[in-house]
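Participant: Got a predicted structure plus its sequence, pasted below:
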Amino acid sequence: MPLLFESIPMVLALFAVVFAARRGLLTKDPHIKRIACMGVMCATLMLVAQSSWAWSVWMGNLRGEAFANYVWTLFNTLAMATIIYASIKGTK
């Protein structure tokens, strides 16, 4: 059951990658292209972090868990940067 629960954000991240990439390719607005690109990078980092963390915990690999924590930090940073960028550019 825990691995099923951990797979929910991974499925959502896959959808986010597809929809953000589609939006970025179909628009001509450079700000939306940047936001879509940041969204794709953020969702990809989330996929790497979630899968490596879950796999490391399942296998008992402490080094892999430490690596996943670093990727989670990158993901969190990029997610907040994306929200800030979208908020600033969305108000102008």
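Facilitator: Looks like it came in fine.

Participant: just how off-centre is the helix or strand containing residue 77 within its chain?
Facilitator: If you go by DSSP states H and E, residue 77 is part of helix 62-90. Offset of helix 62-90 from its chain centre (CA atoms, centre = their mean, to the nearest Å): 7 Å.

Participant: Which positions within that helix qualify as buried?
Facilitator: Residues 64-65, 67-68, 71-72, 75, 78-79, 82, 86 are the ones in helix 62-90 that count as buried (16 or more other CB atoms under 10 Å). C-beta coordinates here come from the backbone N, C-alpha and C atoms, glycine included.

Participant: nearest to residue 21, of these?
Facilitator: Nearest to residue 21 among the buried residues of helix 62-90 is residue 82, at 14.5 Å by CB to CB.

Participant: Let me know the pLDDT of the closest one.
Facilitator: On the pLDDT scale, residue 82 is placed at 88.
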